[in-house]
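1. sequence isn't available, so here's the structure alone:
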């Protein structure tokens, strides 16, 4: 299983994803492909996301049964904890806060 979720993605990227995957909700694409196609699709997302953000999740033999990667600015960031990939939250920005977020 493969899931890609995009936010604020340009229409041309959304159209490209819709060629390969089923869009079950706005910006949520699902399908079942191997590693080669998954990597090709993720490269297209990386090249076309512009100011948006994205996450890809896929089935794997990991202990959790899946793995994921993120792209772009988002409060949810992957964090490794004892060999398990979890999600950490960055603090919300206050109005007028010009400090850069952590990568």
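-> Great, that's in hand. Here the structure is a predicted model, which is why all the values come from computation and not from measurement.

2. can you give me the strands for the protein?
-> Using DSSP state E, the strands of the chain run over 2-7, 22-25, 28-31, 53-59, 66-71, 76-81, 84-89.

3. can you add mean pLDDT and distance to residue 43 and give those strands back as a markdown table?
-> Every residue, glycine included, has its C-beta placed from N, CA and C. Formatted as a markdown table, the entries for the strands of the chain read as follows, by pLDDT from 0 to 100; distance: least, Cβ to Cβ, whole Å:
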| stretch | mean pLDDT | distance to residue 43 |
| --- | --- | --- |
| strand 2-7 | 96 | 12 |
| strand 22-25 | 97 | 19 |
| strand 28-31 | 98 | 15 |
| strand 53-59 | 94 | 11 |
| strand 66-71 | 88 | 11 |
| strand 76-81 | 69 | 19 |
| strand 84-89 | 69 | 21 |
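
4. any chance of those strands in TSV, with distance to residue 47 and mean neighbour count too?
-> As requested, the strands of the chain are arranged in TSV below (distance: least, Cβ to Cβ, whole Å; neighbours: other Cβ atoms under 10 Å):
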stretch	distance to residue 47	mean neighbour count
strand 2-7	13	20
strand 22-25	19	11
strand 28-31	16	17
strand 53-59	11	18
strand 66-71	11	15
strand 76-81	21	11
strand 84-89	24	12
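
5. now these in CSV, with distance to residue 42?
-> Written out in CSV, the entries for the strands of the chain read as follows (distance: least, Cβ to Cβ, whole Å):
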stretch, distance to residue 42
strand 2-7, 8
strand 22-25, 17
strand 28-31, 12
strand 53-59, 5
strand 66-71, 7
strand 76-81, 14
strand 84-89, 16
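
6. middle-most residue in the chain, spatially?
-> Relative to the mean C-alpha position of the chain, the nearest C-alpha, by Cα atoms, centre = their mean, is the one of residue 55, at 0.9 Å.

7. ok, now which ones touch it?
-> Residue 55 is in contact with 4-5, 68-71, 74, 76, counting by Cβ atoms under 8 Å, 6 or more residues apart in numbering.

8. tell me the mean pLDDT for stretch 33-42?
-> Taken as a whole, stretch 33-42 carries a mean pLDDT of 96.

9. check which residues of that stretch are buried.
-> Neighbour-count burial for stretch 33-42, with 16 or more other Cβ atoms under 10 Å as criterion, is recorded at 38, 41-42.
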